[in-house]
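Participant: Below is the sequence, then the predicted model.
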Amino acid sequence: MRLLHHFARVEGVRLHWAELGESTARPPLVLLHGLHDYYRTWGQLAPRLANDRRVLMPDLPGHGLSGRPDASYRLDWYADIMARWLEMVLDTGGVVDVVGHSFGGGVAQMMLLHCPKRIRRLVLVSSGGLGREIAWCLRLASIPFVVEHLGQPFMRLGTRIAIKATGDVVSREDSARLAAMNAQRGSARAFARTVQDIIDWRGQRRCFFERADELSKLPPIAAFWGDRDTVIPYSHAEALAEAVDGVRITRFKDCGHYPHHESPDAFVAALRGFLDSREARAACLHGRAREGRPRVLARHLATAAGV
């Protein structure tokens, strides 16, 4: 199966995405990588998923083969660009299923505000945006100006250290490629500004629950999480399931922050099970609103603020 690479300019940003599969029997599948990562993170999954659907793997702005403009790198900015990209790659009225890992999960959540009618089902993998707790190294990276102005020479080494710290779950080849990508000029600026928008010394600053009441309806949602995640704890999946009706949790035993690397067979099976499930499809077709629970949301916000 041939991997196709595409480039397009979206809102002034040169955006890259890789693509596999041609089937129109099912909605396309969009896979959003996490912070400091790029499209190849989905390398073990994409060929298996592309047998019966079109699989799109964009590099988020500031990452991979995409451009690194002098921009805000705020979460809302990312979501706007990706929503406009969807309008470009989809047929009129078309919908997609979206999988977002870590920071990509936060972008996917924000996309629900920018293009809610485009997202049929949503899978959040070890996702940001669901609580305060996050690894201490990312809190340190949020210190203003340090990474942006002094960090560029250390981006290659920093990438290798981060890979080791999160379980060393990628191959040496992919580790070297990712380190080279992140050594490109502008990467430190993109990374620093992204982190500063979503994280401070207390933890994550952006929370899905803060804006959930702006959504009259949600697509069927699944949360995929490793039970040994040391970057973003599994308890955030439970918080989401408690606050929003119908969320399906898949817990990957003995996995850390990258269950799609650590347990790819189980991950593909769980993903296919969710995307093709009759229950998820029926809920979406009937347009059932998943109403926010004000008391539950308030409790989670209060807990987050106190961490």
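Facilitator: Perfect, I can see it now.
Participant: pLDDT below threshold where in the stretch 201-307 of the chain?
Facilitator: 280-307 (pLDDT under 70).
Participant: how about the helices of it, start to end?
Facilitator: 208-211, 235-243, 259-262, 264-275, 278-285, 294-306 (DSSP state H, counting those that start in this stretch).
Participant: Check the stretch 51-200 of the chain too.
Facilitator: Per DSSP H, counting those that start in this stretch, the stretch 51-200 of the chain carries helices over the ranges 75-89, 103-114, 136-141, 146-150, 155-165, 172-182, 187-198.
Participant: starting at the chain centroid, how far to the longest one?
Facilitator: On the basis of CA atoms, centre = their mean, to the nearest Å, helix 75-89 is displaced by 13 Å from the centre of the chain it belongs to.
Participant: Out of the helices of the stretch 51-200 of the chain, flag the one nearest Pro219.
Facilitator: helix 103-114 (7.7 Å; CB to CB). (Glycine included, C-beta is placed from N, CA and C.)
Participant: Report the buried residues of that closest one.
Facilitator: Phe103, Gly104, Gly105, Gly106, Val107, Ala108, Gln109, Met110, Met111, Leu112, His114 (16 or more other CB atoms under 10 Å).
Participant: Name the nearest residue to the first one, ignoring sequence neighbours.
Facilitator: Distances taken as CB to CB, 6 or more residues apart in numbering put Leu35 closest to Phe103, at 3.9 Å, once the chain neighbours are dropped.
Participant: Would you mind giving me the confidence score for the one you found?
Facilitator: Listed pLDDT for Leu35 reads 94.
Participant: Tell me where the model's unsure across the stretch 1-150 of the chain.
Facilitator: 92.
Participant: List the contacts of stretch 141-156.
Facilitator: With contacts defined as CB atoms under 8 Å, 6 or more residues apart in numbering, stretch 141-156 is touched by 158, 179-180, 182-183, 185, 187-189, 191-193, 195-196, 199-201.
Participant: among the residues you listed, which ones are buried?
Facilitator: 158, 179, 182-183, 187-189, 191-193, 195-196, 199.
Participant: Make JSON lines out of the residues you listed and add distance to Val244 and pLDDT.
Facilitator: Compiled in JSON lines, the buried ones among the contacts of stretch 141-156 are given as follows (distance: CB to CB, whole Å; pLDDT from 0 to 100):
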{"residue": "Gly158", "distance to Val244": "35", "pLDDT": "81"}
{"residue": "Ala179", "distance to Val244": "37", "pLDDT": "89"}
{"residue": "Asn182", "distance to Val244": "34", "pLDDT": "89"}
{"residue": "Ala183", "distance to Val244": "39", "pLDDT": "90"}
{"residue": "Ser187", "distance to Val244": "34", "pLDDT": "93"}
{"residue": "Ala188", "distance to Val244": "36", "pLDDT": "92"}
{"residue": "Arg189", "distance to Val244": "35", "pLDDT": "94"}
{"residue": "Phe191", "distance to Val244": "30", "pLDDT": "94"}
{"residue": "Ala192", "distance to Val244": "32", "pLDDT": "93"}
{"residue": "Arg193", "distance to Val244": "29", "pLDDT": "94"}
{"residue": "Val195", "distance to Val244": "26", "pLDDT": "93"}
{"residue": "Gln196", "distance to Val244": "28", "pLDDT": "93"}
{"residue": "Ile199", "distance to Val244": "23", "pLDDT": "92"}
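Participant: Same list (these) but as CSV, adding distance to Glu279.
Facilitator: As requested, the buried ones among the contacts of stretch 141-156 are exported to CSV (distance: CB to CB, whole Å):
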residue, distance to Glu279
Gly158, 43
Ala179, 42
Asn182, 40
Ala183, 45
Ser187, 42
Ala188, 45
Arg189, 44
Phe191, 39
Ala192, 42
Arg193, 40
Val195, 37
Gln196, 40
Ile199, 35
